[in-house]
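> quick check, what structure comes out for this input:
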Amino acid sequence: MLSLLTSCERLKVPTNLSSPILPFLRCIERCHNASLPQGRLPFYYGETIIGWLDPRLLSALKTSLSPDTITITPDHISLNKGEFLRDISRSLAEQQCYRPFNEWFDVTMPEGKTIGQVDRGLIPLCGFEAAGVHLNGIVKKGEQLFLWVAKRSKHKRLDPGKLDHLVAGGMSSGLTPAETVVKEAGEEAAIPSELARTAHHVSTLRYAMIRPEGLRRDRLYCYDLFLSEEFQPRAADGEVESFHLMPLQEVFHLVQKEDQFKFNVNLVLIDLFIRYHLFASSDEAILSEALYHPHLKPRPSK
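Model (predicted):
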């Protein structure tokens, strides 16, 4: 991924640090900091790269799995059958190579075909693409828009205490994005299923980011849900500490001036700000280019 300065030059953005959109560009760039392979091995299924393996797993894979499961060479690893992903997940968990979530996520081909399932906790170490949903809970009061903002529990494994969407969560195996919205809405904010089903899909975002837990290659399905002034979310599963209804302009300034939101929430909020035209038209074009058309690095051949 290009550096922030290089991206600014490529998109003809003023590099003066006082530029009002630079903080938003930094949020986008932060989520696109992976320049693959970045020391990782391409993980193949057939002729297609489905992930990027952390090389620290190689020893455990070699000693615990048969050659019928995976093929390991000095420059890549190949999965022989999709059903073996569950075996790999269990074996590496038993060797304490990662902390399992005990939740299965689908591993898919680029065209969407499901290959098999992997424990959610292993995904960043294998660099598989994961899918999730983010829900903007919007309230309109007169001409002013408000957004429900959640504060993550201090006991969350990732980004404890950070601000988050009203509803957000990973897409478990076998579920569609719409089904995941209904599931997570009920679990996280006690939103009735009939209300959650009125949410509408507004965009899909992708990013590749190096994080402490590994490589995050995420596909985010973004939804808007309009709520009445009387609606009050309730933390149903303990993953959220509290909810706050904030003017959209206040959320805008928090993203611009603070670092309070979970890293990928910023992307979905910037998408929301663009759709509601909170930027000048010239800035909107620059941010749209960076958010929706990130630079893609060529992939190595096998």
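> leaving out sequence neighbours, find the closest residue to the residue nearest the centre of the chain.
Nearest residue to the geometric centre of the chain (Cα atoms, centre = their mean): D218, 4.1 Å. Of all residues not flanking D218 in the chain, A130 sits nearest, at 5.5 Å (Cβ to Cβ, 6 or more residues apart in numbering). C-betas here are computed from N, CA, C, even on glycine.
> S66: neighbour count?
Look at S66: counted by other Cβ atoms under 10 Å, it has 9 neighbours.
> how far away is it from I77?
Distance, S66 to I77, by Cβ to Cβ, to the nearest Å: 14 Å.
> how about S282?
Counting by Cβ to Cβ, the separation of S282 from I77 is 46 Å.
> who has more neighbours out of these two?
I77 (20 against 11).
> if I pick the more buried one, what's in contact with it?
Neighbour list for I77: L41, P42, F43, Y44, L53, L58, L61, I70, T71 [criterion: Cβ atoms under 8 Å, 6 or more residues apart in numbering].
> hey, what's it bridged with?
F43, I72 (DSSP bridges).
> for I210, see how far away it is.
From I77 to I210 the distance is 19 Å (Cβ to Cβ).
> go on, S59?
To I210, S59 is 22 Å away according to Cβ to Cβ.
> between the two, which one's more packed in?
In this view S59 and I210 are compared by other Cβ under 10 Å, and I210 has more residues nearby, 18 against 11.
> surely Q260 meets D159?
No: using Cβ atoms under 8 Å, Q260 is not in contact with D159; the gap is 10.5 Å.
> circling back: I'd like the next helix or strand past the helix or strand the residue nearest to D218 falls within.
For A130, the element it lies in under DSSP states H and E is strand 129-141. Remark: after strand 129-141, the chain's next helix or strand is strand 144-152, criterion DSSP H and E.
> any idea how far the following helix or strand past that next one is from the chain center?
Next along the chain after strand 144-152, taking DSSP H and E as the criterion, comes strand 163-165. Put simply, strand 163-165 sits 13 Å off its chain's centre (Cα atoms, centre = their mean, to the nearest Å).
> Provide the contact partners of strand 163-165 at residue level.
Outside of strand 163-165, the residues within contact range by Cβ under 8 Å, 6+ apart are 134-137, 149-152, 240, 254, 260-262, 265, 268.
> just the residues you listed now: which is nearest V107?
Checking the contacts of strand 163-165 against V107 by Cβ to Cβ gives H134 as the nearest, at 21.1 Å.
> kindly tell me how buried the closest one is, as a neighbour count.
Neighbours around H134, by other Cβ under 10 Å: 26.
> so what's it bridging to?
Counting by DSSP bridges, H134 forms beta bridges with A168, C222.
> surely it is in contact with N266?
No: shown here, H134 and N266 do not form a contact pair, counting by Cβ under 8 Å, at 10.8 Å.
> which SSE is E194 in?
Counting by DSSP H and E, the element that carries E194 is helix 193-196.
> what's around G186, how many residues?
When neighbours are counted by other Cβ under 10 Å, G186 registers 17.
> same check, this time on S242
Neighbours of S242 under the rule other Cβ under 10 Å: 11.
> so after whichever strand or helix holds it, what's the next helix or strand?
Assessed by DSSP H and E, S242 sits inside strand 240-247. Downstream of strand 240-247, the next assigned helix or strand under DSSP H and E is helix 248-257.
> name the helices or strands packed onto that following helix?
Applying 3 or more Cβ pairs under 8 Å, 6 or more residues apart in numbering; DSSP states H and E, we find helix 248-257 packed against helix 22-30, strand 144-152, helix 265-275.
> mind redoing it with 10 Å?
With contacts taken as 3 or more Cβ pairs under 10 Å, 6 or more residues apart in numbering; DSSP states H and E, helix 248-257 sits against helix 22-30, strand 129-141, strand 144-152, strand 163-165, strand 240-247, helix 265-275.
> can you tell which of these is closest to D224?
Closest to D224 of those is strand 129-141 (Cβ to Cβ; 4.9 Å).
> list the contacts of G39.
G39 makes contacts with W52, D54, P55, R56, I210, as judged by Cβ atoms under 10 Å, 6 or more residues apart in numbering.
> the second one reaches I123, doesn't it?
No: under the criterion of Cβ atoms under 10 Å, D54 makes no contact with I123, lying 11.1 Å away.
> now for the two: what residues contact both?
Common contacts of D54 and I123, defined by Cβ under 10 Å, 6+ apart, comprise Y98, G214, L215.
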